[in-house]
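> sharing a sequence plus its predicted fold:
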Amino acid sequence: MTIKPQTLKGFRDFLPEEKRKRDFVAQKIKEIFELFGFEPLETPTLEYATLLLGKYGKEVDKLLYTFKDRGDRELALRYDQTVPTARILAQYQSILPKYFRRYQIQNVFRADKPQKGRYREFTQCDIDIFNSTSPVADAEIVTATYFAFQNVGYPKIKILINDRQTLFKYLKPFENLKISIFSIIQSIDKLDKIGKNGVLQELISKGMEQKMSEQALNSISSAKSSQNLTEIINAAISSGVPKEDILFTSNLARGLDYYTGMIFEVSLPGYDGGSCGGGGRYDKLIEHLGGQSVPAVGIAFGFDRMVEAADFFKLISPLLNGTEVLLTVFDKKTINFSLQSASILRKNKIKTEIYPALDKLDKQLKYADKKGIPYVVIIGPDEAKKNIVKLKNMKTGEQTELNIDELVIKLKSS
RNA sequence: GUGGUCGUAGCUCAAUGGCAGAGCGUCGCCCUGUGGAGGCGAAUGUUGCGGGUUCAACUCCCGUCGAUCACCCCA
C-alpha cells in the first residue's frame, strides 16, 4: 500500500533554499547575542505535562500537545521557552550565574488551528536577563535586539517603547467593575490594527461608556515617559542605539498581562508583515510559574517573520554558501582524476561537488546551471592525458586550461 | 475553538450539469566533449478523498482531509 506523501497539518518542510535563509538569519542574530554575552541554552522538546499544564491559563491548556509515553508518564510538547527556562532557573540555581543571561532558538508546538504565519510548530528565539531589576538590563535587551536586527541587514529598524507604569497611571481612572485595566490595555494594543474607532467600539462593547472611552484614548496619547523608562531609553542610546530609532510610544500596549515594566516592539518600516518581535520586563512571571522570585526582562523574536522580511528586503543571496565548483566525470577511466582533483579542492576549503552519474556533458552543465554553481571543471580523456583540467566560468562561458595548482589558486582568488 | 472561501497535470490556472484543457516547467531530438537563447516533438490526471442527486457531476448536495481568510489567541 502506498501512502500519499504529505506534511502534517500545521507543520512545515524547509527545502534547501528556505532552510539556508533561516540559517542565515539565525547565524546573524546569534553573532550579536554572543557579542552581548548571552549564553546558549537548549531544553528538551518534551516535558512532564504537569510542568506546563495550568501555567499559561486554561485557554492555553487546550493548545498543549499532551500524551502518555510507554511508561505511562504524562508528557507535553514544549509550548514556549519561558516556562522550561523557569524550570532551569529553579533546578540549577546553584550553578548558574546570578544575573543569568541566555539566548534560546528552539521550536515550540501549539495545537492551534493553523493559518498563514501561524503554525503548529514554529521557531521561537528569546533572549532574557534574569535577576536584575536595573534599567541597564532593560537597555541591554533593547540594544542587543536593535543590533541583532541591524546585523541581519534590514534598512530601517524602529524600536517602539513604553512601560506598564505609564499605561497604569493614565488608564487606572477608567477602570471599573465591568472592565479591568488589562482588558483596556488589550484593546488599546490593537490601535494600529483596527484604528481609533475600532478600539472605541471594542471598549464600548466591553462595557465602557463612549465618553470615557474617548477620554481614555486621549489620556494615553498625552502620556509622558516615566523616569525609569527615560533612564532605559538613555542607556540604550549610550549603548549605541541611534536616538531617532527608539521611540516612546504611549499607545503601545502589548496584550500579555504578565508584563510589569518596560515593554517594546520592533518595527521594520517598509515591511508590512507586522511586528517582528516584542518583549519587556516581567518581574512576577517566574514566581507565578511556581519558582522563587526572579525578576526578568527579555524579548521574543518573531523568527519566521524576520526571515520573511529578510527575504522581502533581498538581504539573502540565493547562492549563499552553495557549491562553488562542479567536477564533471567522463568515463570510468578518467573518474579517478576527477575524484583526486575534488579531494585537492576540498583540502583547500573550496566547496566542491562531483557529478554523481556518467551522463553526457550537456546534462552535467545543465545541472550546474540549474543549481547556480558558478564554476565547472571539465575532465575528459584529453585533459587526463595532459594532466590538466578545463575550468569553465558559467557566467561568462570563458574556459581556461590549468594544472591542478593553478586551479586552486584561481578558484581561491575568485 | 467559531465563521467564511477554496481544492483540476510538477507549478499557475481555464473548462457556467454534456469529449478534462492552456501557459510555464520536465523529458527527447536538432547538437557523438559544452548549459542559458531558439525550433520540433513527447509524457503527465481515480478533477484531494468518500458517499449522494442525475440519463450525465470538475461543476449540485452531505461528510471528511487539506489550504487559506477573519475572529479568538499569539509568534
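Looks like it came in fine.

> quick one: A:Gly380 and A:Asp359, what's the gap?
Distance, A:Gly380 to A:Asp359, using CB to CB, to the nearest Å: 13 Å. Placement of C-beta: from N, CA and C, glycine included.

> between the two, point out the one with more neighbours.
Higher neighbour count among A:Gly380 and A:Asp359: A:Gly380, with 18 against 13, using other CB atoms under 10 Å.

> which ones are touching that one?
By CB atoms under 8 Å, 6 or more residues apart in numbering, the residues touching A:Gly380 are A:328, A:330, A:334, A:361.

> same question for A:Leu46.
A:75-78.

> export stretch A:218-232 to CSV, keeping only CA atoms.
Extracted in CSV, the C-alpha atoms of stretch A:218-232 (Å, rounded to 0.1, in the frame of the first residue of the first chain):
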residue,chain,number,x,y,z
ASN,A,218,-6.9,60.9,24.8
SER,A,219,-5.3,60.4,28.1
ILE,A,220,-3.0,57.8,26.7
SER,A,221,-2.0,59.9,23.7
SER,A,222,-0.9,62.7,26.0
ALA,A,223,1.1,60.4,28.3
LYS,A,224,4.7,61.2,29.2
SER,A,225,7.6,58.8,29.6
SER,A,226,8.2,57.7,33.2
GLN,A,227,11.6,58.4,34.8
ASN,A,228,12.5,54.7,34.8
LEU,A,229,11.7,54.5,31.1
THR,A,230,13.6,57.6,30.3
GLU,A,231,16.6,56.0,32.0
ILE,A,232,16.3,52.9,29.9
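
> buried sites along that stretch?
Neighbour-count burial for stretch A:218-232, with 16 or more other CB atoms under 10 Å as criterion, is recorded at A:219-220, A:223, A:225-226, A:228-229, A:231-232.

> go on, stretch A:295-312?
Of all the residues in stretch A:295-312, those buried under the rule 16+ other CB under 10 Å are A:295-310.

> as a whole number, average confidence for it?
On average, the pLDDT along stretch A:295-312 is 90.

> mind saving the C-alpha coords of it as CSV?
Taking Å, rounded to 0.1, in the frame of the first residue of the first chain, the C-alpha atoms of stretch A:295-312 are listed here in CSV:
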residue,chain,number,x,y,z
PRO,A,295,12.8,39.5,38.1
ALA,A,296,13.3,39.2,34.4
VAL,A,297,13.5,41.2,31.2
GLY,A,298,13.6,39.8,27.7
ILE,A,299,12.3,39.6,24.1
ALA,A,300,10.8,37.0,21.8
PHE,A,301,11.8,37.5,18.2
GLY,A,302,9.3,36.6,15.5
PHE,A,303,11.8,34.4,13.8
ASP,A,304,9.6,33.4,10.8
ARG,A,305,8.7,37.0,10.2
MET,A,306,12.3,38.0,10.4
VAL,A,307,13.1,35.5,7.7
GLU,A,308,10.2,36.7,5.6
ALA,A,309,11.3,40.3,6.0
ALA,A,310,14.9,39.5,5.2
ASP,A,311,13.6,37.9,2.0
PHE,A,312,11.4,40.9,1.3
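
> brilliant, that's me finished.
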